[in-house]
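Peer 1: Got a predicted structure here, sequence first:
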Amino acid sequence: MTEIIPALTSRPPRYPHATSEPTLDTWQDAPHNRWAFANVSEFVATAAIPAHPRHRNGVPWLDRLVGVDDLDQRLEDAYTDALVVVRKGELIAEYYREGFSPVDRHLLMSVSKSLCGITVGALIDDGLIDPAATVAEHVPELAGSAYGDATVAQVMDMTVAVDYSEDYRDPDSHVRAQDRIAGWRPLHEGDPEDTYAFLSSLRASGPHGQRFQYCSADTDVLAWIVEEVTGRRYAEVLSERLWQRLDCADDASVTVDAAGFPFANGGISCTARDLARVGELMLAGGELGGRRIVSEHWVRQTLAGGDPELARDSAIRQTHPGASYRNQWWSTGNARGNVYAVGIHGQYIWLDPPTGVVVVKMSSCPEPVTVAWNDVHSALFRDICRSFDR
């Protein structure tokens with residue numbers, strides 16, 4: 001039984017430089033987000049994602065990353081809360097801002113999507129989910145929605161044509177409505193009562209499979225499929241299929257709405273070290289510590305990326321001209337084959353296949369996402385990974 005931890009009603013001292021206490025309306029905005037992303041349960045109800053106890057020794061310093069110029073300043077300028085660099089099972093270097101530590105959990109935002117992708121991949125391997133089947137075949141309640149006749153593979157790759165706005169700054173956008181329904185912001189009159197009702201209300205905007213459309217609701221549909229085929233809560237499945245098999249040291253958590261539905265598209269919090277194990281799993285072909293978590297075929301498919309032509313209109317192409325999306329992971333399409341998971345305000349798992357390096361970055365950037373921030377992070381990860389080429 002998944003334990004639901006209600007949001008606390010009391011508020012801690014405001015983060016330095018803030019002129020007021022964080023509220024349900026403001027906790028995601030700078031400067032409150034610097035404190036709030038590490039304390040999500042103060043605002044939103046959460047469900048635990050239990051781990052098995054594990055220990056890793058040593059706290060390397062950043063000076064082990066030889067050849068990366070001005071790294072301390074670059075991390076500070078990029079509002080870094082945590083940085084972890086791992087190579088082939090070895091913890092190479094890490095950084096934590098003042099007030100944040102290796103055992104503190106941090107909100108992952110849309111990096112959560114990539115964890116969902118692995119979980120769905122594992123269920124596909126076991127024959128519980130058919131990627132070629134329509135969503136309605138797995139979740140009949142979605143038959144009349146935008147997702148009813150979309151295949152699971154199209155949802156995984158975000159090629160579902162759905163009437164959905166992902167504008168984080170527009171209070172009338174669908175993504176902001178999802179925030180409210182998930183308990184991340186105060187509800188508006190007329191909002192659906194829970195995520196089940198919200199997803200069922202979405203309508204198609206055209207034929208599926210013809211172009212990439214980044215849509216956070218897609219991931220929540222996947223979570224609904226996970227719950228439907230297993231008969232269990234998403235947090236329980238994620239714990240059993242991913243977190244415990246990764247032998248993570250600390251529990252993770254995911255925020256839940258009034259019906260207990262998980263905010264799978266952005267609500268997971270965990271430590272930076274444990275998140276790095278997700279990256280290690282991907283570079284190791286789906287097996288880590290002698291445990292097969294997801295098939296090598298699924299990992300190879302994901303690392304190969306999707307059809308770049310489908311993402312031709314995506315803003316990320318300004319930073320990565322060959323970018324594509326596959327199985328809830330981004331591919332840069334560059335010569336190094338870099339693949340990554342990313343969340344707004346600067347959350348990352350960055351994979352560098354040539355060196356076997358995984359970089360995890362947790363941040364509280366003031367803006368949700370801009371081309372400039374994409375460029376800053378891409379350059380930072382490039383320089384870190386290239387330092388291992390020597």
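Peer 2: Nice, I can see it.

Peer 1: how far away is Thr26 from Phe263?
Peer 2: According to Cβ to Cβ, to the nearest Å, Thr26 and Phe263 sit 18 Å apart. Any C-beta I mention is one placed from the backbone N, CA and C, and that applies to glycine too.

Peer 1: So those two - more neighbours on which side?
Peer 2: Phe263 (29 against 17; other Cβ atoms under 10 Å).

Peer 1: Assess the claim that the more buried one and Ala235 are in contact.
Peer 2: No. The criterion here is Cβ atoms under 8 Å, and Phe263 misses it with Ala235 at 10.7 Å.

Peer 1: Would it be right to say that Ser114 lies in a strand?
Peer 2: No. Counting by DSSP: H, G, I helix; E, B strand; the rest coil, Ser114 is not part of a strand but helix.

Peer 1: State the distance from it to Phe43.
Peer 2: 23 Å.

Peer 1: got it, and Gly286?
Peer 2: For Gly286 relative to Phe43 (Cβ to Cβ), the value is 35 Å.

Peer 1: and stretch 357-371, which residues are buried?
Peer 2: Residues of stretch 357-371 classed as buried: Val357, Val358, Val359, Val360, Lys361, Met362, Ser363, Ser364, Cys365, Pro368, Val369 (neighbour count, 16 or more other Cβ atoms under 10 Å).

Peer 1: Looking at those, spot the one nearest Phe37.
Peer 2: Comparing the buried residues of stretch 357-371 against Phe37 with Cβ to Cβ picks out Ser364 as the nearest, at 5.3 Å.

Peer 1: show me the contacts for that closest one.
Peer 2: Ala30, Asn33, Arg34, Phe37, Tyr79, Asp81, His345, Gly346 (Cβ atoms under 8 Å, 6 or more residues apart in numbering).

Peer 1: cutoff 6 Å now
Peer 2: Ser364 makes contact with Asn33, Arg34, Phe37, Tyr79, Asp81, His345 under the criterion Cβ atoms under 6 Å, 6 or more residues apart in numbering.

Peer 1: Look up how far Asp25 lies from it.
Peer 2: With Cβ to Cβ as the criterion, Ser364 and Asp25 are 17 Å apart.

Peer 1: For the nearest residue in space to Glu287 that is not next to it in sequence, give its distance to Glu166.
Peer 2: Computed as Cβ to Cβ, 6 or more residues apart in numbering, the closest residue to Glu287 that is not its neighbour in sequence is Ile293, at 6.8 Å. From Ile293 across to Glu166, the span is 29 Å (Cβ to Cβ).

Peer 1: the more surrounded of these two?
Peer 2: With neighbours defined as other Cβ under 10 Å, Ile293 and Glu166 compare such that Ile293 has more, 23 against 16.

Peer 1: if I read this right, that one contacts Arg245, doesn't it?
Peer 2: Yes. At 4.8 Å, Ile293 counts as touching Arg245 under the criterion of Cβ atoms under 6 Å.

Peer 1: how about the helices in the stretch 151-300 of the chain?
Peer 2: All helices of the stretch 151-300 of the chain, identified by DSSP state H, counting those that start in this stretch, fall at 152-157, 174-181, 195-201, 216-230, 234-238, 272-283, 296-304.

Peer 1: Now the ones you listed in CSV, please, with extra columns for mean neighbour count, mean pLDDT and distance to Asp313.
Peer 2: Formatted as CSV, the helices of the stretch 151-300 of the chain follow (neighbours: other Cβ atoms under 10 Å; pLDDT from 0 to 100; distance: least, Cβ to Cβ, whole Å):
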stretch, mean neighbour count, mean pLDDT, distance to Asp313
helix 152-157, 23, 98, 15
helix 174-181, 22, 97, 18
helix 195-201, 20, 98, 24
helix 216-230, 24, 98, 17
helix 234-238, 25, 98, 31
helix 272-283, 24, 98, 27
helix 296-304, 17, 98, 21
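
Peer 1: Which one of those helices lies nearest to Ile118?
Peer 2: Proximity of the helices of the stretch 151-300 of the chain to Ile118 was assessed by Cβ to Cβ; the nearest stretch is helix 272-283, lying at 7.2 Å.

Peer 1: chain center to the closest one, what's the gap?
Peer 2: 12 Å (Cα atoms, centre = their mean, to the nearest Å).

Peer 1: got the contact list for Glu186?
Peer 2: Actually, residue 186 is Pro. It isn't Glu. By Cβ under 6 Å, 6+ apart, the contact list for Pro186 reads Leu24.

Peer 1: If you average pLDDT per helix and strand, which one of the chain comes out bottom?
Peer 2: strand 4-5 (a mean of 59; mean pLDDT, DSSP states H and E).

Peer 1: so where do the strands sit in the stretch 1-150 of the chain?
Peer 2: 4-5, 46-49, 80-87, 90-96, 106-107 (DSSP state E, counting those that start in this stretch).
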